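> Predicted model follows, preceded by the sequence.
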Amino acid sequence: MDLQYFLSWRAALMLLLLPCGLQCMSVRILNEEPVHVVPDSSLVLKARIEHGPLEEVSAVSWEWEPETGISPDRVTLATCPGRGPECAGTRPNVHVNVEQQETTLQINGYSGAEGGVYAVTVTDHKGAKTTAHCIVRNYEAVHHVSVSVNVSHSTLVCGEAWGTEPHFSWFHERVAITKTVGRVSGDGTTLFVTKTPICGHFTCMVSNKMGHSSATYTAASCETEGKGTTAAVLCSVLLLMFGGVLAFLLWRRHRHRNRGERLHEHLDDTI
């Protein structure tokens, strides 16, 4: 009996010495931050709850506060029991559900003013709380595209102010860049021009979910090369035409000479 009593106390002591084994609760938000949301769309945040077999979730709450500013006050979006169906938020467009090891916050009709720091707090059956945070920002349109040139290195660099997830595309005379014109860097911002000399219009277009904007760098005109080619072709055509006319005249002269000789021989025979 004493041995059993001793072993039970030893087991309890081991549990106390292993707080993150059977009795440690944690929560983490699964979205990769910062989360960018297009205004008037839906914001969805998911959080994973980890706890041991001796732990129970008694409550889950979601809160919001501005990312910057002087007000440290948090706004409660929803408070839900640890288990149960979807619970109502403090506003009609806020919905939260709690499953056994996951909770989801959804805000429909997200507005630009709702960007900030979102916090999910999990409370266990003993009243202990653990919290995870996530930064949410507005999805910004593309702004102020510009193209700068480094002539000595034959490179063009495309810049953009603060658009979210910008995608860069390059065009030469409204045609996508080919190997004969240049090579685009991995991130799309830099064009290494291989065409010599650098001439024509180089356009950088930056786009994302909300639209696109572009900027153009204009180098020396490429028309000189085109004019030279056109002049060469025209000269060849003129030479061919001149040669044809000359050959025709020579043929005609030769024909008349033969006719004259035959006529003269005919008159001699008659006389």
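Arrived safely, thanks for sending. Residues are numbered from 1 along each chain as shown.
> Only C-alpha atoms from now on, for both contacts and neighbour counts.
Will do.
> low-confidence ranges in the stretch 1-150 of the chain?
Filtered on pLDDT under 70, the stretch 1-150 of the chain yields the residue ranges 1-23, 70-72, 84-86.
> switch the cut-off to 80
Within the stretch 1-150 of the chain, the segments meeting pLDDT under 80 span 1-24, 53-54, 69-73, 82-86, 88, 100.
> Helices of that one, residue ranges please.
2-17 (DSSP state H, counting those that start in this stretch).
> And the strands in it, which stretches?
With DSSP state E, counting those that start in this stretch, the ranges of strands along the stretch 1-150 of the chain come out as 26-29, 35-37, 43-50, 57-65, 75-81, 87-88, 94-98, 102-107, 116-124, 129-138, 146-150.
> Turn those into TSV, including mean neighbour count and distance to Ala161.
Converted to TSV, the strands of the stretch 1-150 of the chain look like this (neighbours: other C-alpha atoms under 10 Å; distance: least, C-alpha to C-alpha, whole Å):
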stretch	mean neighbour count	distance to Ala161
strand 26-29	20	29
strand 35-37	18	16
strand 43-50	18	25
strand 57-65	20	27
strand 75-81	18	32
strand 87-88	16	39
strand 94-98	21	33
strand 102-107	20	28
strand 116-124	21	21
strand 129-138	18	15
strand 146-150	15	9
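> Just put those strands in a markdown table and tack on distance to Lys209.
Shown next, in a markdown table, are the strands of the stretch 1-150 of the chain (distance: least, C-alpha to C-alpha, whole Å):
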| stretch | distance to Lys209 |
| --- | --- |
| strand 26-29 | 24 |
| strand 35-37 | 11 |
| strand 43-50 | 16 |
| strand 57-65 | 26 |
| strand 75-81 | 28 |
| strand 87-88 | 31 |
| strand 94-98 | 24 |
| strand 102-107 | 20 |
| strand 116-124 | 21 |
| strand 129-138 | 12 |
| strand 146-150 | 20 |
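> Can you tell me which of those is nearest to Ser221?
With respect to Ser221, and counting by C-alpha to C-alpha, the nearest of these is strand 146-150 at 16.1 Å.
> which other helices and strands contact the helix or strand just after that closest one?
Following strand 146-150 in sequence order, the next helix or strand is strand 155-159 (DSSP states H and E). Under the contact definition 3 or more C-alpha pairs under 8 Å, 6 or more residues apart in numbering; DSSP states H and E, strand 155-159 sits against strand 146-150, strand 190-193.
> Partner strands of strand 155-159 and their direction?
strand 146-150 (antiparallel), strand 190-193 (antiparallel) (DSSP bridges).
> Can I get these in a markdown table including distance to Glu50?
Output for these, formatted as a markdown table (distance: least, C-alpha to C-alpha, whole Å):
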| stretch | distance to Glu50 |
| --- | --- |
| strand 146-150 | 48 |
| strand 190-193 | 45 |
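> so how far is Cys222 from Lys179?
Distance, Lys179 to Cys222, using C-alpha to C-alpha, to the nearest Å: 18 Å.
> quick one: which of these two has more around it?
Between Lys179 and Cys222, Cys222 has the larger neighbour count (other C-alpha atoms under 10 Å), namely 13 against 10.
> quick one, what contacts the more buried one?
Cys222 makes contact with Cys199, Gly200 under the criterion C-alpha atoms under 8 Å, 6 or more residues apart in numbering.
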